[in-house]
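Chemist: Next comes the sequence, and after it the predicted model I'd like to discuss.
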Amino acid sequence: MATLEIHDLHVSVETETGSAEILRGVDLTVKQGETHAIMGPNGSGKSTLAYSLAGHPKYTVTGGTVTLDGEDVLEMSVDERARAGVFLAMQYPVEVPGVSVSNFLRTSATAIRGEAPKLRTWVKEVKEAMARLNMDPAFAERNVNEGFSGGEKKRHEILQLELLKPRIAILDETDSGLDIDALRVVSDGVNRVRENGEVGTLLITHYTRILRYIKPDHVHVFAKGRIVESGGPELAEQLEAEGYERYVKGGASA
């Protein structure tokens, strides 16, 4: 069973005025089969956590540890983290001109699986996954995210999730910018991946609406660069009713 363990993680970023600490001692354990929702206001460090786990060079880890089944994630390059089973669905997926969706997906699957998928079975696998996400098959021949709407980009992220089958999936505000129909389709895709119990999910969001479709096992409140409260799904309902004000003012502690 895959286990991602984050202990006392501190992360800084360089600004025009010097180094600024964003994460101030994050502790979290995500096990395969579990879904953890990270909720908190803008600027609390949620996305910094996601990108730091994925290895974004903008962020500097200044303290703490991150391990996946005992292996030091922080010592891995970005591609090594992906091959180890760490997946990041980005809040703002980037365009990749000149690279088709089909080539991108097959190259990614080859890197993850250690060998190229057989073309006939792979094409069938991709078409079926796209159909489940209500994606036009023609998207497979378009350049990655180029000219895609916000909803189409998010569906493409979940298409990758379904096909690559990671051990730990980090979903950074996947609900951002989605209308209600797209939210349902994307949530259904996440739930399909969760059904086999082989992925641990870290779901980062501002709002509770996505949690109506993706039911978390654990909810964590993120404020001022760390987790300040944890609980079950009922904590999300409390946040919906009360908001984040008391956490921002420092009225709660880990």
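Modeler: Noted; the coordinates are in hand.

Chemist: which intervals of the stretch 101-250 of the chain have sub-threshold pLDDT?
Modeler: Scanning the stretch 101-250 of the chain for pLDDT under 70 picks out the ranges 250.

Chemist: again, only this time at 90
Modeler: 113-114, 119-120, 149-151, 174-179, 195-198, 206-208, 240, 243, 245-250 (pLDDT under 90).

Chemist: can you pull out the strands in it?
Modeler: 143-144, 168-172, 200-205, 218-223, 226-231 (DSSP state E, counting those that start in this stretch).

Chemist: who does the first one pair up with?
Modeler: Sheet pairing here is set by DSSP bridges, and for strand 143-144 it gives strand 96-100 (antiparallel).

Chemist: Could I get the buried residue list for the strand it pairs with?
Modeler: Residues of strand 96-100 classed as buried by neighbour count (16 or more other CB atoms under 10 Å): Ser100. Where C-beta positions appear, they are placed from N, C-alpha and C, glycine not excepted.

Chemist: what does stretch 187-206 give?
Modeler: 187, 189-190, 193-194, 199-206.

Chemist: Looking at the residues you listed, spot the one nearest Ser77.
Modeler: Nearest to Ser77 among the buried residues of stretch 187-206 is Leu202, at 20.4 Å by CB to CB.

Chemist: List the contacts of the closest one.
Modeler: 4, 28, 30, 36, 38, 50, 53, 168-171 (CB atoms under 8 Å, 6 or more residues apart in numbering).

Chemist: Check Tyr207 too.
Modeler: Taking CB under 8 Å, 6+ apart as the test, what Tyr207 contacts is Asp175.

Chemist: quick revisit: going by neighbour count, which of the contacts of Leu202 are buried?
Modeler: 4, 28, 30, 36, 38, 50, 53, 168-171.
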